[in-house]
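A.B. asks: build me a model from this:
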Amino acid sequence: MTGVREDRPQAYDVVVVGGGNAGISLAAFLRSQDARRTIAVVAPEDTHVYRPLLSYVGAGMAHPDRPTRPQSSLIPRGCDWIRDAVTRVVPRASGTSGTTGAATPADAASDPRARVDADPDHHTVVTAGGEVIGAVDLVLCPGTVVDWDAIPGSREACRSAYGSTNYTAELAPHTWAVLRDLRRGRALFLVSNRNTPCPGVGLKPLFLAADHWRRTGCLDDIDITLVLEDAQPFGLDRADDRLRDELRRLGVRLHTSARIESIDPDDRLARIAVAGGGHLDLPYDAMHLAPPHRGHAWLVESGLTDPDTTLVANDPSTLEHRDHPGLWALGDAATLETPSSGGGLRPQVPVLSHNILARRSGATFLHYDGYTVAPIPLDRRRLMLAERLRDGHEYRTFSAFSLARPLRALMFFDLVVQPPVYWHRLLRGKGLDPHEDTEPAGRSL
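C.D. replies: Numbers count the residues shown, from 1 in each chain. The predicted model follows:
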């Protein structure tokens, strides 16, 4: 097991902030590429969650303990684990246009250890425990947090007896209780597009619940409504056409390009601003929300985010920060200009790793093409893998045929095969596919 060394350095070749899929797989990949690198992972969590399984927990198809492992068992060998939360990042002085550090949070300003000026040689990470850690290259991949305030009433609604979300490990088991127990009435599924990780997966609870209701003989007694803040379920014509056909077959009322404004947990009403103007108050007896997310407050306070999205202001192609060379972003916290997904990390990680070395040597950067994927089951037996690039064109893992069609083999893969692949290969830096563009107009595999 990798532990924290008492004699660990004050500065590293690479510091990775975040211990989720992005952070662990990147740290492992970097070590596999060059074992001489000194690498630290800064993450406070004791437990690592494989988030794709939460949808199956919320459908009663996976035990609540199955998506979790101790974080200590996953830190890559040879990397230091700094088990603390980040409170501030100070970019390297050469990248700050002469400033002496980013904005200081109020709690950090009262702590003399947290008053850190910009270093000309290193980006600097300040932790809640007062540690000051330098990095030649700093990668920000702490994920995002649920933005309950963006939809007033949503937190209370998801903790009530009539609503839930699969987007937190705590509430995923509650989702199954809410949807399983509905025998008749109104089921409402709400999918936000405001930094929501893999919003296409927000459709999973609808299709899995509908199949459960069909199996138990009560589907005809349940009125289902789906509200999407996007214009399409995923953004790939082939997949969207199939999803719309399935929604029509189930008799689902669909509202697209809508905005979820508020949820009243007492009256069980969701207020929706619909396309073209006007509002709807949609009642429900069971509700699932794919909620808005936002960047961490310390990222915003460090002056590293886009003010409109609260995501790191990086170039979506090279993944390097627009203003600070050697500062990078990955995964949900990054500006990607494509829906974020765990599958999207498979090309992001090798591209970012290459670009770290390319920046130091003056070599040509590789470019992340915006590949993303959404595994969407149409029932409890069949699943489709919708794959697309940033420009909306379909990407085919297998050139001879599209995976954007429901297959039993894909459901087996997503539920049974993919979790051990995640634990034993992806988090060890293996099985990652570059998917890189080496030229702006072309694609090289």
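
A.B. asks: per-domain residue ranges of this structure.
C.D. replies: According to automatic domain parsing, the chain comprises the domains 11-144+295-370+417-437, 147-292, 372-411.

A.B. asks: and the first one, how far out from the chain middle?
C.D. replies: Taking the mean of its C-alpha atoms, domain 11-144+295-370+417-437 sits 12 Å from the chain's own mean (CA atoms, centre = their mean, to the nearest Å).

A.B. asks: now that domain: mean pLDDT?
C.D. replies: In this model, domain 11-144+295-370+417-437 has a mean pLDDT of 90.

A.B. asks: at which residues are the helices of the stretch 1-150 of the chain located?
C.D. replies: Along the stretch 1-150 of the chain, counting by DSSP state H, counting those that start in this stretch, helices occupy 21-33, 54-57, 106-109.

A.B. asks: which one of those lies closest to residue 360?
C.D. replies: helix 21-33 (13.0 Å; CB to CB). C-betas here are computed from N, CA, C, even on glycine.

A.B. asks: against which helices or strands is that closest one packed?
C.D. replies: strand 11-17, strand 39-42, helix 345-361 (3 or more CB pairs under 8 Å, 6 or more residues apart in numbering; DSSP states H and E).

A.B. asks: out of these, nearest to residue 382?
C.D. replies: helix 345-361 (23.3 Å).

A.B. asks: what's next to that closest one, contact-wise?
C.D. replies: Identification of contacts with helix 345-361 by CB atoms under 8 Å, 6 or more residues apart in numbering yields 14, 21-22, 25-26, 29-30, 33, 137, 139, 318-320, 325-326, 328, 330-331, 334, 363-369, 371, 426, 429, 431-436.

A.B. asks: buried subset of these?
C.D. replies: 14, 21-22, 25-26, 29-30, 137, 139, 318-320, 326, 328, 330-331, 334, 365-369, 371, 426, 429, 432, 434-436 (16 or more other CB atoms under 10 Å).

A.B. asks: let's see which of those residues end up in strands.
C.D. replies: Using DSSP state E, the members of the buried ones among the contacts of helix 345-361 that fall in strands are 14, 137, 139, 328, 367, 368, 436.

A.B. asks: wait, residue 55 touches residue 208, no?
C.D. replies: Yes: between residue 55 and residue 208 there is a contact at 7.4 Å, judged by CB atoms under 8 Å.

A.B. asks: those two: who's more crowded?
C.D. replies: More crowded of residue 55 and residue 208, by other CB atoms under 10 Å: residue 55, with 27 against 23.

A.B. asks: gap between the spatially closest residue to that one that is not a sequence neighbour and residue 384?
C.D. replies: What sits nearest to residue 55 in space, not counting adjacent residues and going by CB to CB, 6 or more residues apart in numbering, is residue 204, at 4.2 Å. Distance, residue 204 to residue 384, using CB to CB, to the nearest Å: 11 Å.

A.B. asks: which residues are in contact with both of these two?
C.D. replies: 375, 376, 377.

A.B. asks: send the alpha carbons of stretch 386-403 over as CSV?
C.D. replies: Output of stretch 386-403 as CSV, limited to C-alpha atoms (Å, rounded to 0.1, in the frame of the first residue of the first chain):
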residue,chain,number,x,y,z
ALA,A,386,-23.7,6.3,-27.8
GLU,A,387,-20.3,7.5,-28.9
ARG,A,388,-19.6,10.9,-30.4
LEU,A,389,-17.0,13.6,-30.9
ARG,A,390,-17.1,17.3,-30.0
ASP,A,391,-18.4,18.2,-33.5
GLY,A,392,-21.4,15.9,-33.0
HIS,A,393,-20.2,13.2,-35.4
GLU,A,394,-20.4,9.6,-34.4
TYR,A,395,-17.3,7.8,-33.3
ARG,A,396,-17.1,4.1,-33.8
THR,A,397,-15.0,1.9,-31.6
PHE,A,398,-15.6,-0.8,-34.1
SER,A,399,-15.5,0.7,-37.6
ALA,A,400,-17.7,-2.0,-39.1
PHE,A,401,-20.8,-1.2,-37.0
SER,A,402,-22.3,1.3,-34.5
LEU,A,403,-22.7,0.6,-30.8
